[in-house]
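Asks: Provided below are the primary sequence and the corresponding predicted coordinates.
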Amino acid sequence: MAVLADKALTFLRVHAFIFLMVAYGLFIVMGAVVLMVLEQPEENLLVQEVRELKARFLADNPCVEERSLDGLLMDVLSASKRGVAALQADSDECNFDFTSSLFFVITFLTTTGYGTTVPLSDEGRVFCVVYCLVGIPLTMLLLSCLTHALLPRVTHTPIQNLQLFWGLSRSHAALLHCSILGFCTAALFFLLPAAALCLLEDDWTYLESLYFCFISLSTTGLGDYLPGKIQNQAVRQGLEFVTSCYLLLGLIVLLVVLESFWELQQFQAVLRFFSGPRLSELNGLSLDELVLTGDMTGPEEEPQYTLPISTISPAFSDSPATPTIELLPVFGLPSIPASKDYDHSSLRPNPTSDLCHSTSSN
């Protein structure tokens, strides 16, 4: 039974990534099915309401042709998709004043892209493409540098303090710190801003405000909600500037939080499980054992000796000033003390004895 359980566990570990891909595909299909069930009835009701409104308008105005009305509605919707409010064409509001252009650039570089303001000219589209090729990598580099600069102060130092003062292990200290950090981030960048937007926008509910905060910081930017649409020009510009600052600061904080969670041992364990075991783990060998085997040595690599052939140490001599020459056991010789009473000439060849030995042999 134990052998069968081990085989099953090994099979799951080997094919964990395949199971993850299948589960993710099912998760996408489930999301599509849920949205279809929830949104399709609302869409059908809205379509029916628009058709009734159009029929009523044509009945009340028999001089208006249906084809002309459809053309007018298509032009209005096309202008609205390009950021121009046809119903407010008589106002002095502009989508590309300095504040609005700054808001567009920040949403563009952070890949949020609400879609409410788009370039209208071909020159503007070409500039956006070139600007994007340089600006988005530069923005990602800046955010990454800020994240790595803040991570030691925001994450590493508090974890060390929890270990030092509370006596927690590193794993428990990191888990506690990330939990507190996640709660504070949710409160300061989602719950409280949603409450503020709910107060500023009279026609927004708290759920709609929270939805806007999540859509913005997740860089999804659907554009169905944007603060300041029905406000005057000054209020709209102020809200756009505040939203720009909120996007930049929120993305930096979220990156720090995600990096902190990424370093958790529990998260790394899950990642290693789904990435599959290594060959050494399947063969029951550790990394140290693989390094000590000869298979890891390349054809051009030579063995490196970490110990010298002989070492000089005064530890085994009678006098502290007298060194001792120690030969390694590979030569099969004992340590030879280099003292004053020792005859060093015994180690030298005696030419006289060798000559006598050769004469007697002859």
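Replies: Looks like it arrived, so ask away. All of these numbers come straight from a predicted model, not from anything done at the bench.

Asks: Tell me which helix or strand the residue nearest to Leu188 when sequence neighbours are not counted sits in.
Replies: Among residues not flanking Leu188 along the chain, Val253 sits closest, at 8.0 Å (C-beta to C-beta, 6 or more residues apart in numbering). Bear in mind the C-beta positions are built from the backbone N, C-alpha and C, glycine included. Under the criterion of DSSP states H and E, Val253 resides in helix 233-262.

Asks: show me where the chain has strands.
Replies: For the chain, the strands defined by DSSP state E occupy 310-313, 324-327, 336-337.

Asks: pLDDT of the shortest one, averaged?
Replies: It refers to strand 336-337. In this model, strand 336-337 has an average pLDDT of 48.

Asks: longest helix in this protein, by residue count?
Replies: helix 16-60 (DSSP state H).

Asks: Now do that helix: which elements does it pack against?
Replies: Packed against helix 16-60, as judged by 3 or more C-beta pairs under 8 Å, 6 or more residues apart in numbering; DSSP states H and E, are the following elements: helix 66-81, helix 265-275.

Asks: now the longest one against helix 16-60, angle please.
Replies: Going back to what we said before, that points to helix 66-81. Orientation check (axes from the mean of the first three to the mean of the last three C-alpha atoms, to 10 degrees): helix 66-81 against helix 16-60 gives 140 degrees.

Asks: how about helix 66-81: buried residues?
Replies: In terms of neighbour count (16 or more other C-beta atoms under 10 Å), helix 66-81 has no buried residues at all.

Asks: Output it as PDB - backbone C-alpha positions only.
Replies: Provided in PDB are the C-alpha atoms of helix 66-81 (Å, rounded to 0.1, in the frame of the first residue of the first chain):
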ATOM      1  CA  GLU A  66     -35.700  55.200 -39.500                       C
ATOM      2  CA  ARG A  67     -32.700  55.100 -41.800                       C
ATOM      3  CA  SER A  68     -31.700  58.600 -41.000                       C
ATOM      4  CA  LEU A  69     -32.100  58.000 -37.300                       C
ATOM      5  CA  ASP A  70     -29.900  54.900 -37.500                       C
ATOM      6  CA  GLY A  71     -27.200  56.900 -39.300                       C
ATOM      7  CA  LEU A  72     -27.300  59.600 -36.600                       C
ATOM      8  CA  LEU A  73     -27.100  57.100 -33.800                       C
ATOM      9  CA  MET A  74     -24.100  55.300 -35.500                       C
ATOM     10  CA  ASP A  75     -22.200  58.600 -35.800                       C
ATOM     11  CA  VAL A  76     -22.900  59.500 -32.200                       C
ATOM     12  CA  LEU A  77     -21.800  56.100 -31.000                       C
ATOM     13  CA  SER A  78     -18.600  56.200 -33.100                       C
ATOM     14  CA  ALA A  79     -17.700  59.600 -31.800                       C
ATOM     15  CA  SER A  80     -18.400  58.400 -28.200                       C
ATOM     16  CA  LYS A  81     -16.000  55.500 -28.700                       C
END
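
Asks: on that earlier part again, could the helices and strands packed on helix 16-60 go into JSON lines alongside mean pLDDT and distance to Val50?
Replies: JSON lines is the format used below for these (pLDDT from 0 to 100; distance: least, C-beta to C-beta, whole Å):
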{"stretch": "helix 66-81", "mean pLDDT": "81", "distance to Val50": "10"}
{"stretch": "helix 265-275", "mean pLDDT": "83", "distance to Val50": "47"}
